[in-house]
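Visitor: The sequence isn't on hand, but the structure is:
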């Protein structure tokens with residue numbers, strides 16, 4: 001179960017790293033960013049239908065999520081049953097013990113926060129467009145949809161809290177996964193801890209730089225529909241019928 005958690009967690013780590021990098025295309029402008037979103041849906045066309053690759057990726061991520069969350073719940077449930085109703089009689093009075101307890105709580109509740117955020121906020125806002133704070137969202141106009149959402153301070157705050165949970169999860173998760181897979185040795189512990197921190201902190205900065213720039217008014221406003229239609233057509237972006 002721990003190995004399953006480790007492997008699925010590493011898959012998620014590569015996904016969020018790529019996702020964070022992709023979001024930085026926002027700074028290249030509206031057409032460039034929407035073209036990037038369009039390109040992702042064109043991957044492996046005509047072998048796959050338009051958007052087929054993304055659906056395969058979504059199914060794979062859902063499978064990893066089921067493995068990751070299911071393993072976590074199973075291990076937690078087993079530990080609770082093994083411990084019974086009585087608390088441990090002896091607790092180690094040192095900083096390492098309390099750090100370990102804090103990390104476990106962070107992983108557990110951070111995972112719950114992430115699940116709620118992904119399925120209640122993130123997907124409904126930017127994938128299905130069921131939630132449209134800040135304006136009228138349009139499928140295909142990823143730049144505009146993000147601009148509308150992150151103009152609002154409370155949307156920015158929700159994402160900041162969720163990303164803090166994600167990065168704390170990654171910080172401890174990188175260490176835990178490598179330990180589970182046998183990659184941790186005494187002489188590399190300080191290096192692995194440093195790498196885990198850099199990855200987690202770097203993810204937070206990468207994900208939050210675009211929402212923060214939008215909130216502070218540092219990015220151009222979206223084009224009107226007529227101008228966008230011309231610019232998108234010139235760039236080879238055709239969402240009609242997709």
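Guide: Thanks, I have the structure now. What you see is a predicted model, and the numbers here were worked out from it, not measured in a lab.
Visitor: May I ask which helix or strand encompasses residue 233?
Guide: Element membership for residue 233, per DSSP states H and E: helix 225-234.
Visitor: Any buried residues in that helix, and which?
Guide: Residues of helix 225-234 classed as buried: 228, 232 (neighbour count, 16 or more other Cβ atoms under 10 Å). No exception for glycine: its C-beta is placed from N, CA and C like everyone else's.
Visitor: which residues in this structure form helices?
Guide: 2-23, 30-42, 52-83, 95-117, 123-126, 142-150, 153-180, 189-215, 225-234 (DSSP state H).
Visitor: which regions of this structure sit below the pLDDT cut-off?
Guide: Along the chain, segments meeting pLDDT under 70 span 83-106, 183-186, 239-242.
Visitor: ok so, going back, and the helix holding residue 233, what does it pack against?
Guide: helix 30-42 (3 or more Cβ pairs under 8 Å, 6 or more residues apart in numbering; DSSP states H and E).
Visitor: The helix it packs on vs helix 225-234, what angle?
Guide: Counting by axes from the mean of the first three to the mean of the last three Cα atoms, to 10 degrees, helix 30-42 lies at 50 degrees to helix 225-234.
Visitor: can you list contacts of helix 30-42?
Guide: Taking contacts as Cβ atoms under 8 Å, 6 or more residues apart in numbering, the residues outside helix 30-42 that touch it are 22, 25-26, 50-51, 53-54, 140-144, 220, 222-223, 228, 231-232, 235-237, 239, 242.
Visitor: what angle separates it from helix 142-150?
Guide: Going by the same axes, to 10 degrees, helix 30-42 makes 110 degrees with helix 142-150.
Visitor: Pull out the buried positions in helix 30-42.
Guide: Neighbour-count burial for helix 30-42, counted by 16+ other Cβ under 10 Å, picks out 30, 31, 33, 34, 35, 36, 37, 38, 41, 42.
Visitor: Report the separation between the closest residue to residue 223 other than its chain neighbours and residue 224.
Guide: Excluding its sequence neighbours, the residue lying closest to residue 223 (Cβ to Cβ, 6 or more residues apart in numbering) is residue 30, at 6.0 Å. Plainly put, residue 30 is 11 Å away from residue 224 if you go by Cβ to Cβ, to the nearest Å.
Visitor: now do residue 71
Guide: For residue 71, the distance to residue 224 (Cβ to Cβ) stands at 49 Å.
Visitor: Those two: who's more crowded?
Guide: Between residue 71 and residue 224, counted using other Cβ atoms under 10 Å, residue 71 has the larger neighbour count: 19 against 8.
Visitor: Hmm, the more buried one is touching residue 4, no?
Guide: Yes. Contact criterion Cβ atoms under 8 Å: residue 71 and residue 4 qualify, at 4.8 Å.
Visitor: returning to that earlier point: just the buried residues from the contacts of helix 30-42, in ChimeraX please.
Guide: Buried residues within the contacts of helix 30-42, by 16+ other Cβ under 10 Å, are selected in ChimeraX with:
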select :25,26,50,53,54,140,141,142,143,144,222,223,228,232,237
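Visitor: thinking again about what came up before, using JSON lines, lay out the buried residues of helix 30-42 together with distance to residue 199.
Guide: JSON lines is the format used below for those (distance: Cβ to Cβ, whole Å):
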{"residue": "30", "distance to residue 199": "30"}
{"residue": "31", "distance to residue 199": "31"}
{"residue": "33", "distance to residue 199": "24"}
{"residue": "34", "distance to residue 199": "29"}
{"residue": "35", "distance to residue 199": "28"}
{"residue": "36", "distance to residue 199": "23"}
{"residue": "37", "distance to residue 199": "25"}
{"residue": "38", "distance to residue 199": "29"}
{"residue": "41", "distance to residue 199": "28"}
{"residue": "42", "distance to residue 199": "30"}
